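# Give me coordinates for this.
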Amino acid sequence: MVKVSTYFGMSLAAFVFWQSMDKLHVWIALHQDEKQERLEREAEVRRVREELLKENKYKDALIVSMSLKCKLGLVVTVQSVMYLPLSLLK
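The predicted structure follows:
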């Protein structure tokens, strides 16, 4: 009788342990997936932000109305928003 009850108790304990480890594994995997998705979103936001900052370097070159002399010797009259790289300006 002691052997049977010991066997039953150990089987029950192993089953409970197995189920709890399975639930723990699923919980950890879910949180790792969420963390990976969050990191990917943050990386995408960082990449887009850097692209916009690079674009802004060109957009900020000329916004007001003025005449400028380029390296090519041409006089450029800007009357509205014009996007020129700063390297072209003297």
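
# From here on, just use CA atoms for contacts and neighbour counts.
OK.

# Give me the below-cutoff pLDDT ranges for the protein.
Low-confidence segments of the chain, defined by pLDDT under 70, span residues 57-90.

# ranges for the strands of it?
For the chain, the strands defined by DSSP state E occupy 66-69, 75-78.

# how many neighbours does Glu55 have?
13 (other Cα atoms under 10 Å).

# Kindly provide the distance from it to Arg49.
Distance of Glu55 to Arg49, given as Cα to Cα, to the nearest Å: 10 Å.

# Ok, Arg38 next?
According to Cα to Cα, Arg38 and Arg49 sit 16 Å apart.

# repeat for His31
Counting by Cα to Cα, the gap from His31 to Arg49 is 27 Å.

# do Val16 as well
Using Cα to Cα, Val16 is found at 49 Å from Arg49.

# Restricting to C-alpha, output stretch 31-48 in PDB.
Only the C-alpha atoms of stretch 31-48 are listed here, as PDB (Å, rounded to 0.1, in the frame of the first residue of the first chain):
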ATOM      1  CA  HIS A  31       7.400  37.800 -23.400                       C
ATOM      2  CA  GLN A  32      10.500  37.200 -25.500                       C
ATOM      3  CA  ASP A  33       8.400  37.700 -28.600                       C
ATOM      4  CA  GLU A  34       6.900  40.900 -27.200                       C
ATOM      5  CA  LYS A  35      10.300  42.200 -26.400                       C
ATOM      6  CA  GLN A  36      11.700  41.300 -29.800                       C
ATOM      7  CA  GLU A  37       8.700  43.100 -31.500                       C
ATOM      8  CA  ARG A  38       9.200  46.200 -29.300                       C
ATOM      9  CA  LEU A  39      12.900  46.300 -30.100                       C
ATOM     10  CA  GLU A  40      12.200  46.000 -33.900                       C
ATOM     11  CA  ARG A  41       9.600  48.800 -33.600                       C
ATOM     12  CA  GLU A  42      12.100  51.000 -31.800                       C
ATOM     13  CA  ALA A  43      14.800  50.200 -34.400                       C
ATOM     14  CA  GLU A  44      12.400  51.100 -37.200                       C
ATOM     15  CA  VAL A  45      11.500  54.400 -35.500                       C
ATOM     16  CA  ARG A  46      15.200  55.200 -35.000                       C
ATOM     17  CA  ARG A  47      15.900  54.400 -38.700                       C
ATOM     18  CA  VAL A  48      13.000  56.600 -40.000                       C
END
